[in-house]
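J.: Just a sequence and a predicted model for now, questions to come.
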Amino acid sequence: MLSRKAEDYLEAILDITEQKGYTRIRDIASALAIKPPSVVEMVKRLNDIGLVEYRKYDGVRLTPKGKEIAGVVKERHDTVRSFLEIIKVSKKIADKDACIIEHELEPETIEQLKKFVRFVKTAPDYPQWLEHFETFCKTGVHPCEVEKREAKGHRFFC
């Protein structure tokens, strides 16, 4: 099992490669806010276990195994970030928290989050409960409670 740190490196290498077509040590250092000597050390370890190919002047490339692992980590990250955004966490904080959470959740939990995110995003209309949640986040009051109060005794179902 890889460490959280190693997974972060693989994910960063994948992201950078997808953006630029190649990855250099300084790109990884910048993406992870880590000094280049530390990056070289980790990249050498990842090279030794067959997850990346590192050549000092040619940069870093993911091996097929490394790319597979990076893809899984990226999918977990994207799923958690999307879920957090659905529940109205700001994009910046959702991305930051996803980096932390993605490593700690059980596969079953990630799978359920993935299903939930896909369900919400593919709903034919913007779900009413999600509109209610947005209102609740802004006001602290469930919209159905407001509607019930306004109905004043009439039988009303939200």
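T.: Arrived safely.
J.: from here on, contacts and neighbour counts on C-alpha atoms
T.: Will do.
J.: Go ahead and name everything in contact with stretch 60-68.
T.: 10, 13-14, 22-25, 43, 50-54 (CA atoms under 8 Å, 6 or more residues apart in numbering).
J.: err, stretch 34-46, not the other one
T.: Against stretch 34-46 from outside (CA under 8 Å, 6+ apart): 6, 25-26, 28-29, 52, 54, 60.
J.: try stretch 107-115
T.: Contact with stretch 107-115 is made by 76, 79-80, 83, as judged by CA under 8 Å, 6+ apart.
J.: 6 Å instead, please
T.: T79 (CA atoms under 6 Å, 6 or more residues apart in numbering).
J.: circling back: so which of the contacts of stretch 60-68 belong to strands?
T.: 52-54 (DSSP state E).
J.: Can you name the element that comes right after the one helix or strand V117 maps to?
T.: Assigned by DSSP states H and E, V117 belongs to helix 107-121. Per DSSP H and E, the first helix or strand lying C-terminal to helix 107-121 is helix 128-139.
J.: buried set for that following helix?
T.: 133-134 (16 or more other CA atoms under 10 Å).
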